[in-house]
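**Q** how would this look folded up:
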Amino acid sequence: MDKLNLPDYAFRIFTRDDQTYIFDTFRKKNVILTPEEWVRQNFLQYLLKEKNYPESLISVEMGFRLNKLIKRGDIVVFNRQGNPLLLVECKAPSVKISQKAFNQIARYNMAMKVRFLIVTNGLKHYCCKLDYKAKSFYYLTEIPDYFKISK
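**A** Got it, this is the predicted structure:
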């Protein structure tokens, strides 16, 4: 797998029947190791180990309803009251982060109404804070620690 712009983490990776798997500690199961999954697993560890996000408040591939469609959020972080706080959209490292990715996460946020959005391909990470009162948003220079956003 590609080297990402994230610290190195240890994973349980194995190959069976010509298919490579990684153990997802959040979903408690082996999942096929695609480039997007590689980014998701590394970014999850980054949130846990570097940014102090509580594992119990993170959901992976969380299903939700958007209009009449069922969608899945790559990573959803909740506050201690159980409300969605942050939404992460992961792309494969080969995927250039474009307006299309931001449009996708903005559509998903119509259902979630989080305060923070992150789009990452493992190489570049974009984080923005939404201000619903002012109907605006601004990009942050770094991904905030959990204690800074959970207040």
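**Q** where's residue 109 relative to residue 52, distance?
**A** Residue 109 sits 23 Å away from residue 52, going by Cβ to Cβ, to the nearest Å. Where C-beta positions appear, they are placed from N, C-alpha and C, glycine not excepted.
**Q** Tell me where the model's unsure across the protein.
**A** 63-64, 66, 70-71 (pLDDT under 70).
**Q** hmm, try it at 80
**A** 61-73, 107-108, 110-112, 151 (pLDDT under 80).
**Q** Pick out the residue nearest the middle of it.
**A** residue 88 (3.0 Å; Cα atoms, centre = their mean).
**Q** Now the terminal residues of stretch 50-69, how far apart.
**A** By Cα to Cα, to the nearest Å, the extent of stretch 50-69 from end to end equals 34 Å.
**Q** quick one: the strands in the protein?
**A** All strands of the chain, identified by DSSP state E, fall at 13-16, 19-24, 29-32, 58-66, 69-78, 84-90, 116-120, 125-131, 136-140.
**Q** Can you point out the buried residues in the third one?
**A** Going back to what we said before, that points to strand 29-32. Neighbour-count burial for strand 29-32 flags residue 30 (criterion: 16 or more other Cβ atoms under 10 Å).
**Q** Relative to that strand, what are the paired strands and their orientations?
**A** With DSSP bridges as the test, strand 29-32 is paired with strand 19-24 (antiparallel).
**Q** One more: the fifth one?
**A** Take DSSP bridges as the rule and strand 69-78 pairs in its sheet with strand 58-66 (antiparallel), strand 84-90 (antiparallel).
**Q** right, so of the strands of the chain, which gets closest to residue 38?
**A** Distance to residue 38, taken as Cβ to Cβ, is lowest for strand 19-24 among the strands of the chain, at 7.5 Å.
**Q** Tell me which residues of the closest one come out buried.
**A** Neighbour-count burial for strand 19-24 [16+ other Cβ under 10 Å]: 21-22, 24.
**Q** what about residue 7, neighbour count?
**A** 10 (other Cβ atoms under 10 Å).
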